[in-house]
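Q: Sharing a model that was predicted from the sequence below.
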Protein chains: 2
Amino acid sequence: MAIDQLDGRLIVLLAREPRIGVLEASRRLGVARGTVQARLDRLRSTGALRGFGPDVDPAALGYPVTAFATLEIKQGQGADVRAHLTTVPEVLELHTTTGHGDMLCRLVARSNADLQRVIDRVVGFDGIVRASTAIVMENPVPLRIIPLVEQAAREGHRPGPVG
Amino acid sequence: MAIDQLDGRLIVLLAREPRIGVLEASRRLGVARGTVQARLDRLRSTGALRGFGPDVDPAALGYPVTAFATLEIKQGQGADVRAHLTTVPEVLELHTTTGHGDMLCRLVARSNADLQRVIDRVVGFDGIVRASTAIVMENPVPLRIIPLVEQAAREGHRPGPVG
DNA sequence: CGCTTTCTGTACAGGATGACCACTCGAAGG
DNA sequence: CCTTCGAGTGGTCATCCTGTACAGAAAGCG
């Protein structure tokens, strides 16, 4: 249940240059094309590689404001709140957490003023007791995976014949 | 600076089925292949579409634990803290925010015990005054973009000849 | 109305893809 | 020691897609 160095190099390569195909990747990695194809098949089947979805920038869509909201939920209302938040397009992500709040969600909005509308819609639901919002100013480290993949590959077990 | 309905349908289609190519997408959307290619070129050039990076599951890499840490930073130490956190592979994302804390970062770890090691490494830096961590239990809404794209496309200005 | 931009349909050359094969290699097991 | 198995290699094959280009038609705008 891990990746070896070749997997790691392959993922990093694809992360850096998603446009290259299997053939070019095999050339860069110095292995046969069939090997790359087999590795990709395995990574996808194990779920390590979920796919190659489009990476969309909300700001370019007209939603330049990002915020994180910590929500406190009324006992037993979790499922309802989840269902409610799923219906809000500006909720990009939702987690249930330990700690001060019960849920943490990532929001986007068209402006700071618009954020108020989004928050109103988010918290305008009976099961939510309290919400505390933190507006994102800068994003010094955008969502990344390369360093983690490199570390996992370095320490990685080889997938090996038996495992 | 927005997307029209065709852009929206295209992005949603690619988000749902990333493996289909330009030709198949044009068939599904009922437009000419050249149109899809032109739209994709424009979306990439405007930055709305950053690319098609591999979607890696940290859990499958051996990091099943996710957490969010709110950090309080000593005045004027922001840049140093950013540089420090960039060197930690388990820091997948970092934002500077308004509100109680000064920064919010997403962490992963191999286990709850390992999370302690990660947090120690994160906060083991002079500029960080205090850290408060929330461990993610469930992820009812994984990072998504489709509903937002659909809304943006619905309300969207057409890209039009000039604007 | 005329200009401009987009979309369409088509064509072409080049390349990539997925599939298949026989062979080699190394490790695990008998 | 030998066998067996999985993985990788290098090769081939037909098919399909890609990037690019072009002329003509359609639609918005002054």
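A: On my side now, so go ahead.
Q: Please name the strands paired to the longest strand belonging to chain A in the sheet, noting orientation.
A: Using DSSP state E to define each element, chain A has its longest strand at strand A:128-141. In the sheet, strand A:128-141 lines up against strand A:65-73 (antiparallel), strand B:91-97 (antiparallel) (DSSP bridges).
Q: could those strands be laid out in CSV, adding mean pLDDT?
A: CSV is the format used below for the strands paired with strand A:128-141 (pLDDT from 0 to 100):
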stretch, mean pLDDT
strand A:65-73, 97
strand B:91-97, 98
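Q: what's the closest of those to A:Gln37?
A: Judged by Cβ to Cβ, the one of the strands paired with strand A:128-141 that comes nearest to A:Gln37 is strand B:91-97, at 28.2 Å. Where C-beta positions appear, they are placed from N, C-alpha and C, glycine not excepted.
Q: quick revisit: now the longest strand of chain A - C-alpha only, PDB.
A: The C-alpha trace of strand A:128-141 is given here as PDB (Å, rounded to 0.1, in the frame of the first residue of the first chain):
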ATOM      1  CA  ILE A 128     -25.900  25.500  12.500                       C
ATOM      2  CA  VAL A 129     -25.400  27.100  15.900                       C
ATOM      3  CA  ARG A 130     -22.400  29.400  15.200                       C
ATOM      4  CA  ALA A 131     -20.000  30.100  12.400                       C
ATOM      5  CA  SER A 132     -16.600  31.700  12.500                       C
ATOM      6  CA  THR A 133     -15.000  32.800   9.200                       C
ATOM      7  CA  ALA A 134     -11.400  33.500   8.200                       C
ATOM      8  CA  ILE A 135     -10.900  35.200   4.900                       C
ATOM      9  CA  VAL A 136      -7.900  34.200   2.900                       C
ATOM     10  CA  MET A 137      -5.500  37.000   2.000                       C
ATOM     11  CA  GLU A 138      -2.600  35.100   0.400                       C
ATOM     12  CA  ASN A 139      -2.000  31.600  -0.600                       C
ATOM     13  CA  PRO A 140       1.700  31.100  -0.200                       C
ATOM     14  CA  VAL A 141       1.500  27.300  -0.700                       C
END
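Q: Now for A:His100, which secondary structure element holds it?
A: Assigned by DSSP states H and E, A:His100 belongs to neither a helix nor a strand.
Q: just checking, it touches A:Leu71?
A: No - taking Cβ atoms under 8 Å as the definition, A:His100 is not a contact partner of A:Leu71, at 10.5 Å.
Q: higher neighbour count, these two?
A: Higher neighbour count among A:His100 and A:Leu71: A:Leu71, with 24 against 13, using other Cβ atoms under 10 Å in any protein chain shown.
Q: What residues does that one make contact with?
A: A:81, A:101-105, A:122-123, A:128, A:130-131 (Cβ atoms under 8 Å, 6 or more residues apart in numbering or on different chains).
Q: do A:Arg154 as well
A: For A:Arg154, the contact set (Cβ under 8 Å, 6+ apart) comprises A:5, A:8.
Q: Identify the element of secondary structure that it sits within.
A: For A:Arg154, the host element (DSSP H and E) is helix A:146-155.
Q: how close does the residue sitting nearest the centre point of chain A get to A:Arg28?
A: Centroid check for chain A by Cα atoms, centre = their mean gives A:Leu143 as the closest residue, at 7.1 Å. Look at A:Leu143 and A:Arg28: by Cβ to Cβ, to the nearest Å, they are 24 Å apart.
Q: The nearest residue to A:Asp7 once chain neighbours are set aside: neighbouring residues, count only.
A: Of all residues not flanking A:Asp7 in the chain, A:Arg39 sits nearest, at 5.9 Å (Cβ to Cβ, 6 or more residues apart in numbering or on different chains). For A:Arg39, the neighbour count with other Cβ under 10 Å is 24.
Q: Break chain A into its domains for me.
A: Chain A breaks down into these domains under automatic domain parsing: A:5-54, A:58-135.
Q: out of those domains, which comes closest to DNA strand C?
A: With distances scored as Cβ to the nearest atom of the strand, the stretch of these nearest to DNA strand C is domain A:5-54 (2.1 Å).
Q: that older thread, buried ones in the helix holding A:Arg154?
A: Buried positions in helix A:146-155, judged by neighbour count with 16 or more other Cβ atoms under 10 Å in any protein chain shown: A:146-153.
Q: re the thing from before, which one of the domains of chain A lies closest to B:Val56?
A: domain A:5-54 (6.2 Å).
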